[in-house]
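Engineer: need a structure here:
(one chain, ligands or ions: 1)
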Amino acid sequence: MTTRTSRTDKPVDAPTRVLVTGGAGFIGSAYVRMLLGPHGPAGTTVTVLDKLTYAGTLTNLASVLPDPRLTFVRGDICDADLVGRLAAGHDQIVHFAAESHVDRSIDGGAAFVVTNALGTQTLLDAAVRHGVRTFVHISTDEVYGSIAEGSWTEDRPLSPNSPYSASKASSDLIAQAYHRTHGLDVRITRCSNNYGPHQFPEKVIPLFVTRLLDGLDVPLYGDGSQIRDWLHVEDHCRGIELARTAGRPGRTYNIGGGTELTNRELTGLLLEACGSGWEHVRHVEDRKGHDQRYSVDWSRARDELGYLPRHDFTAALARTVAWYRDNRDWWEPLTS
Ligand code: NAD
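Structural biologist: Residues are numbered from 1 along each chain as shown. You can find the predicted model right below:
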């Protein structure tokens, strides 16, 4: 026998219907593969809404596309009619869709403001109007700006520096506003730099690896002294899942990986992993407004959600490099 909840009028033993935006991109597809994988939650159906921009590809979902629990919808998160229809049929939204590359935002910020700010607001509005129970917003550590020493806690005021991070900070603040104004159960995650398979080869690790595998030079910004914390995409997805299933309404959770490296140190590791030398490194003019260091304090996610990164960086980086070596058919069409 089933009973019904007042908010969604959904039988309580019916599957949880999760709408995943940007689910054909790097992190979103890893999250969908996790949800529908052997260790994923029982009784969950997934709809992916993705525009399939240059950064999204259905090949990222190839292993799960035949699964009857998955529906794919090609569309734009700024399309209010479409988003409204989808929100009406879902219990939860996990929102990854974004323009995500800092360098592109420096060349032109308009698409970033439209997708990241307006697109997020369009989704939040639909979530309120159609009684979506939980909205998980995927933000970034870049919203805090640069930090010389120590690590940011979630209460630190946002101070983004690039058009990308400013557009993400906008969406982060709009999401908080929908919680405070409308009481929507919004949960925000702010993670550090992700790495792993299926990452579009414009981000530093896949860019360097694919170029080195082709015997090409790699461009290192400035003196390479900028510091980033590296987080395996599967650890990130587990953190998001903990926020979705065990997080608190209105709460923000930093998700870190625990491996801080200068870009120069990272370059050395990638050269070694690809069997290349420093003669392949070309020093290029520094990125405009380049943040010197990001570092998140993720003790809240650890203490409240039981989050701990599981991947050992050295071993996981080696597996990532091996994945790009073994999957040229995935990245060659994207780099040509
Ligand atoms: P990605 O660029 O690989 O994927 C983005 C996806 O969103 C693509 O599939 C794209 O087609 C889709 N998309 C873009 N605009 C859309 C629109 N208007 N409507 C519908 N779909 C659209 O990005 P990613 O690296 O997977 O990042 C996912 C999320 O995580 C983003 O919100 C990003 O800001 C955040 N994030 C990423 C990192 C990282 O290291 N990659 C770090 C912190 C936060």
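
Engineer: measure the closest residue in space to Gly224 that isn't next to it in sequence to Glu142 for me?
Structural biologist: Nearest non-adjacent residue to Gly224, counting by CB to CB, 6 or more residues apart in numbering: Arg264, 3.3 Å away. Any C-beta I mention is one placed from the backbone N, CA and C, and that applies to glycine too. Arg264 sits at a distance of 20 Å from Glu142 (criterion: CB to CB, to the nearest Å).

Engineer: Please identify which of these two sits among more neighbours.
Structural biologist: Glu142 (23 against 17; other CB atoms under 10 Å).

Engineer: State the pLDDT value of that one.
Structural biologist: pLDDT for Glu142: 97.

Engineer: In contact with Arg310, which residues?
Structural biologist: Counting by CB atoms under 8 Å, 6 or more residues apart in numbering, Arg310 touches His232, Glu234, Asp235, Arg238.

Engineer: Give me the buried subset of those residues.
Structural biologist: His232, Glu234, Asp235, Arg238 (16 or more other CB atoms under 10 Å).

Engineer: can you list the residues you listed in a markdown table and add distance to the ligand?
Structural biologist: Formatted as a markdown table, those follow (distance: CB to the nearest ligand atom, whole Å):
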| residue | distance to the ligand |
| --- | --- |
| His232 | 11 |
| Glu234 | 13 |
| Asp235 | 12 |
| Arg238 | 15 |
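
Engineer: Lys168 and the ligand: what is the separation?
Structural biologist: Distance of Lys168 to the ligand, computed by CB to the nearest ligand atom, to the nearest Å: 5 Å.

Engineer: Now do the same for whatever residue of the stretch 201-336 of the chain ends up closest to the ligand: its pLDDT.
Structural biologist: With CB to the nearest ligand atom, the shortest gap between the stretch 201-336 of the chain and the ligand falls at Lys203, namely 6.3 Å. Looking at Lys203, its pLDDT reads 96.

Engineer: Likewise for Thr2?
Structural biologist: Reported pLDDT for Thr2: 40.

Engineer: Kindly report the same for the one 4 residues further on.
Structural biologist: Model confidence at Ser6, given as pLDDT, is 44.

Engineer: cool, and Leu216?
Structural biologist: 97.

Engineer: quick one: it and His280 touch, right?
Structural biologist: Yes - here Leu216 reaches His280: they are 7.4 Å apart, a contact under CB atoms under 8 Å.

Engineer: still on that earlier bit, tell me the contacts of the closest residue to the residue of the stretch 201-336 of the chain closest to the ligand other than its chain neighbours?
Structural biologist: Residue nearest to Lys203 in three dimensions, not counting chain neighbours: His101, with 7.0 Å by CB to CB, 6+ apart. His101 makes contact with Ala55, Tyr164, Phe200, Glu202, Lys203, according to CB under 8 Å, 6+ apart.

Engineer: cool, Gly306 as well?
Structural biologist: Residues counted as contacts of Gly306 (CB under 8 Å, 6+ apart) are Leu242, Ala246.

Engineer: Got phi/psi on the residue of the stretch 151-300 of the chain at minimum distance from the ligand?
Structural biologist: Relative to the ligand, the nearest point of the stretch 151-300 of the chain is Asn194 (3.5 Å; CB to the nearest ligand atom). Per-residue torsions, Asn194: phi -90, psi 150 (degrees, to the nearest 10).
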